[in-house]
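**Student:** Predicted model and sequence below, questions to follow.
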Amino acid sequence: MKTIKPVISFYILITILFTSCAHWDDHNINISVKEQREVYQFYASYSRYKTADVEYYINKHIGSKKYYVSNDRLADVYTELDDGTKFHIKSSPGRLKIQFNKRENSEAAYRKIKSICEGLKDVLTESKNN
């Protein structure tokens with residue numbers, strides 16, 4: 001009987017560790033913006049559970065062109081919006097990269113994409129409890 005208790009305790013400990021590790025993903029957010037003369041690039045890695053929020057936000061702000069097909073598939077698209085704005089989106093659950101070529105677009109298009117990316121920072125850092 002004495003050998004069963006340590007084994008059960010070990011399994012309980014392992015279960016607690018795996019359960020708590022699953023929640024670590026919710027707090028790991030990495031956002032970087034790279035701005036050069038010709039290119040504006042936004043990169044984010046975040047909890048996979050925020051993917052639907054990111055998808056909704058982007059689709060809401062880019063107009064009639066939707067870039068996602070599904071949350072469980074990869075997106076790697078060059079897109080042109082109704083106003084002529086052209087950019088590249090590469091994403092997978094928990095990861096997003098937007099690359100915008102300033103030479104191919106207007107100043108207004110640049111401000112639009114930059115504003116969308118600034119809003120994404122808020123989407124990724126806001127808590128569901130707010």
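**Tutor:** On my side now, so go ahead.

**Student:** what's the least confident helix or strand in the chain, going by average pLDDT?
**Tutor:** Across the helices and strands of the chain, mean pLDDT, DSSP states H and E gives its lowest value to helix 4-24, namely a mean of 53.

**Student:** what's the next secondary structure element after the helix or strand where Ala44 lies?
**Tutor:** Using DSSP states H and E, Ala44 maps to strand 39-45. For strand 39-45, the succeeding helix or strand toward the C-terminus, using DSSP H and E, is helix 51-62.

**Student:** Give the other helices and strands that that next one contacts.
**Tutor:** Packing contacts for helix 51-62, counted by 3 or more C-beta pairs under 8 Å, 6 or more residues apart in numbering; DSSP states H and E, involve helix 107-125. For glycine as for every other residue, the C-beta is placed from the backbone atoms N, C-alpha and C.

**Student:** ok, residues contacting the helix it packs on?
**Tutor:** Helix 107-125 is contacted by residues 29, 31, 33, 40, 42, 44, 46, 50, 53-54, 57-58, 61-62, 83-87, 96, 98, 100, 102, 105 when judged by C-beta atoms under 8 Å, 6 or more residues apart in numbering.

**Student:** I'd like to know which of these are buried.
**Tutor:** Buried by 16 or more other C-beta atoms under 10 Å: 40, 42, 44, 46, 50, 53-54, 57-58, 62, 85, 87, 96, 98, 100, 102, 105, out of the contacts of helix 107-125.

**Student:** ok, and for stretch 100-110, which residues are buried?
**Tutor:** Neighbour counts over stretch 100-110 (16+ other C-beta under 10 Å) mark Phe100, Asn101, Lys102, Asn105, Ala109, Tyr110 as buried.

**Student:** Tabulate those residues (CSV), appending distance to Ser91.
**Tutor:** CSV is the format used below for the buried residues of stretch 100-110 (distance: C-beta to C-beta, whole Å):
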residue, distance to Ser91
Phe100, 15
Asn101, 18
Lys102, 21
Asn105, 20
Ala109, 20
Tyr110, 21
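
**Student:** Tell me the one among those residues nearest to Tyr78.
**Tutor:** Nearest to Tyr78 among the buried residues of stretch 100-110: Asn101, at 10.0 Å, using C-beta to C-beta.
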